[in-house]
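Chemist: How does the following fold in three dimensions:
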Amino acid sequence: MENNPTQTFFDKLARCIDEKKLIKLTISSQRNKSSDLQSIIITLTNLKRGFRLNFVYRHTTKDITKNYEFDEGIGIIRKALTEDFYNADLFSNDENVRLATNPAGKVKISSQEPTLQPVTEFHHDHIKSRLINTTGNIYLRELDIINANWEVRREMSDKFRQINRYIELIEPEIKDLTLPDNYHVVDMGSGKGYLTFALYDYLANRLKNTPEMIGVEFREDLVNVCNAIAGKSKFDHLKFISGTIEKADLNRIDILIALHACDTATDDAIYRGITSGASLIVCAPCCHKQIRKEMNVTSELQNVVRYGILKERQAEIITDTIRAMILEANGYRTKVFEFISTEHTPKNVMIVGRKTSKENPDKEKIFNDIAAIRKVYGIRKHYLEELLKSNEI
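Modeler: Down below sits the predicted model:
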């Protein structure tokens, strides 16, 4: 096994595919960090013409899906691991297997007990493996997402889908981080705690990490409810505190989450993440009133913002573009993508910034570009830009 780990891995993969035990194969850790292709996720799918390997090519701002016959698909996987990526994680009904290659070319293979629910049926063109399990999951029961039989309530199926999609999106970002054992996660504006509990569950029970996690929520009644649920769930390192995004008393932030923070509250969250030196900042903005009120277009573009709904959408695009650019100016590799499709929630844009020492941003150029955008749309200021300027960040 040690003599030829690559062949051992592909033997296991071929057997999983033939026996229909493949849950998911994730190819990650780019060899070329500037590549737009972030990872490849492979699952089995049952089409009218038979079983195929379903490839999801995850790019910075989009996903591309393709189906291949088994032999062709395995050939593509071999090529991807030779030319584009270092690591492959195989999740099957029987075991998890990791194939890891270091930059010097040394290859290692390791295995552990399976962590994902076994595949029992295959759906046309798509298979979903849940990262959040329902059986025995107390916080999901207390939040009325599942019933006493550990089944998802019909009326909460969209919420459960959103939770799993959230973890699916954040999983590769966290796995790429280098963090201390007791890293600190802060969820700003945690609300009822749906996504806060899910992330802690994933970090503690899936990844077997020991994070210190805090949910910050202004409404004290929700804080009390969430702390009670955390206690029942035996989530010993998760607590909720009463406070606001800009004023909450926090000693340290390694990962900052701010989902659906309204208007400039998203900017307050990003500001706290940047000034705390957070390794990862994840935001799903809600409302964009500040820029919409500021816009005063007098050029040929004035017809673009002539109609209310179009002006609102333009304000969203400009606001989040500037937020992403500011993160890049402060050394974060940043991407903006869809959180979950609009059939489930209208709040569907996610901004992710990962701190990297390899980036050497030209701050002056980036802020000049931001100023040019503001000039085109007659915008005097952007709230986050002003926050950082006032504190010389």
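Chemist: For the most centrally placed residue in the chain, give me its contacts.
Modeler: The centre of the chain sits closest to residue 170, judged by Cα atoms, centre = their mean, with a distance of 2.4 Å. Neighbour list for residue 170: 199, 282, 352 [criterion: Cβ atoms under 8 Å, 6 or more residues apart in numbering]. In short, each C-beta sits where N, CA and C put it, glycine included.
Chemist: in the helix or strand hosting it, what counts as buried?
Modeler: Taking DSSP states H and E as the definition, one finds residue 170 inside helix 157-175. Neighbour counts over helix 157-175 (16 or more other Cβ atoms under 10 Å) mark 159-174 as buried.
Chemist: What's the mean pLDDT across that helix?
Modeler: When pLDDT is averaged along helix 157-175, the result is 88.
Chemist: Strands of this protein, residue ranges please.
Modeler: For the chain, the strands defined by DSSP state E occupy 22-30, 37-47, 50-59, 63-68, 85-92, 96-101, 107-112, 184-188, 212-217, 238-242, 255-262, 280-286, 332-338, 349-355.
Chemist: Next, format the ones you listed as a markdown table and append mean pLDDT, mean neighbour count and distance to residue 139.
Modeler: Listed next are the strands of the chain as a markdown table, based on pLDDT from 0 to 100; neighbours: other Cβ atoms under 10 Å; distance: least, Cβ to Cβ, whole Å:
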| stretch | mean pLDDT | mean neighbour count | distance to residue 139 |
| --- | --- | --- | --- |
| strand 22-30 | 93 | 21 | 24 |
| strand 37-47 | 88 | 19 | 27 |
| strand 50-59 | 88 | 18 | 28 |
| strand 63-68 | 84 | 13 | 29 |
| strand 85-92 | 94 | 21 | 24 |
| strand 96-101 | 94 | 18 | 24 |
| strand 107-112 | 93 | 14 | 25 |
| strand 184-188 | 96 | 25 | 14 |
| strand 212-217 | 96 | 24 | 12 |
| strand 238-242 | 96 | 20 | 10 |
| strand 255-262 | 89 | 22 | 17 |
| strand 280-286 | 91 | 24 | 20 |
| strand 332-338 | 90 | 18 | 26 |
| strand 349-355 | 92 | 21 | 23 |
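Chemist: export these to a markdown table and tack on distance to residue 390?
Modeler: Output for the strands of the chain, formatted as a markdown table (distance: least, Cβ to Cβ, whole Å):
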| stretch | distance to residue 390 |
| --- | --- |
| strand 22-30 | 37 |
| strand 37-47 | 35 |
| strand 50-59 | 36 |
| strand 63-68 | 39 |
| strand 85-92 | 42 |
| strand 96-101 | 45 |
| strand 107-112 | 49 |
| strand 184-188 | 20 |
| strand 212-217 | 22 |
| strand 238-242 | 26 |
| strand 255-262 | 20 |
| strand 280-286 | 19 |
| strand 332-338 | 20 |
| strand 349-355 | 20 |
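Chemist: For residue 307, which of the ones you listed is the nearest?
Modeler: Taking Cβ to Cβ, strand 349-355 is the member of the strands of the chain nearest to residue 307, at 20.8 Å.
Chemist: ok and the lengthiest helix in the chain relative to strand 332-338, angle-wise?
Modeler: In terms of residue count, the longest helix belonging to the chain (DSSP state H) is helix 308-329. Per axes from the mean of the first three to the mean of the last three Cα atoms, to 10 degrees, the angle that helix 308-329 makes with strand 332-338 is 150 degrees.
Chemist: Output the contacting helices and strands for helix 308-329.
Modeler: On a contact count with 3 or more Cβ pairs under 8 Å, 6 or more residues apart in numbering; DSSP states H and E, helix 308-329 meets helix 265-276, strand 280-286, helix 289-294, strand 332-338, strand 349-355, helix 363-376, helix 383-390.
Chemist: Isn't residue 334 up against residue 322?
Modeler: No - look at residue 334 against residue 322 with Cβ atoms under 8 Å: they stay out of range, at 11.5 Å.
Chemist: My read is that residue 244 contacts residue 218, right?
Modeler: Yes - counting by Cβ under 8 Å, residue 244 does reach residue 218; the two are 5.6 Å apart.
Chemist: picking up where we left off before, what about the longest helix of the chain, distance to the chain center?
Modeler: Relative to its chain's centre, helix 308-329 lies at 20 Å (Cα atoms, centre = their mean, to the nearest Å).
Chemist: what does stretch 70-86 give?
Modeler: Computed by Cα atoms, centre = their mean, the chain-centroid distance of stretch 70-86 equals 25 Å.
Chemist: what sits up against it?
Modeler: Contacting residues not belonging to stretch 70-86 are listed as 6, 10, 13-14, 17, 25, 27-32, 35, 37, 39-40, 42, 51-53, 55, 68, 88, 99-103 [Cβ under 8 Å, 6+ apart].
Chemist: make it 6 Å
Modeler: Contacting residues not belonging to stretch 70-86 are listed as 17, 27, 29, 31, 53, 88, 101 [Cβ atoms under 6 Å, 6 or more residues apart in numbering].
Chemist: State the distance from the last one to residue 80.
Modeler: Put plainly, it is residue 101. As for residue 101, its distance to residue 80 is 12 Å (criterion: Cβ to Cβ, to the nearest Å).
Chemist: go on, the first one?
Modeler: Taking Cβ to Cβ as the measure, residue 17 and residue 80 are separated by 16 Å.
Chemist: Low-confidence stretches in the stretch 251-393 of the chain?
Modeler: Low-confidence segments of the stretch 251-393 of the chain, defined by pLDDT under 70: 340-347, 358-359, 392-393.
Chemist: rerun that using 90 as the cut-off
Modeler: Counting by pLDDT under 90, the stretch 251-393 of the chain shows low-confidence ranges at 251, 259-265, 284-316, 337-349, 356-362, 377, 381, 383, 387-393.
Chemist: Can you lay out the helices and strands packed on helix 308-329 as CSV showing distance to residue 314?
Modeler: Putting those into CSV (distance: least, Cβ to Cβ, whole Å) gives the following:
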stretch, distance to residue 314
helix 265-276, 17
strand 280-286, 15
helix 289-294, 8
strand 332-338, 15
strand 349-355, 14
helix 363-376, 11
helix 383-390, 17
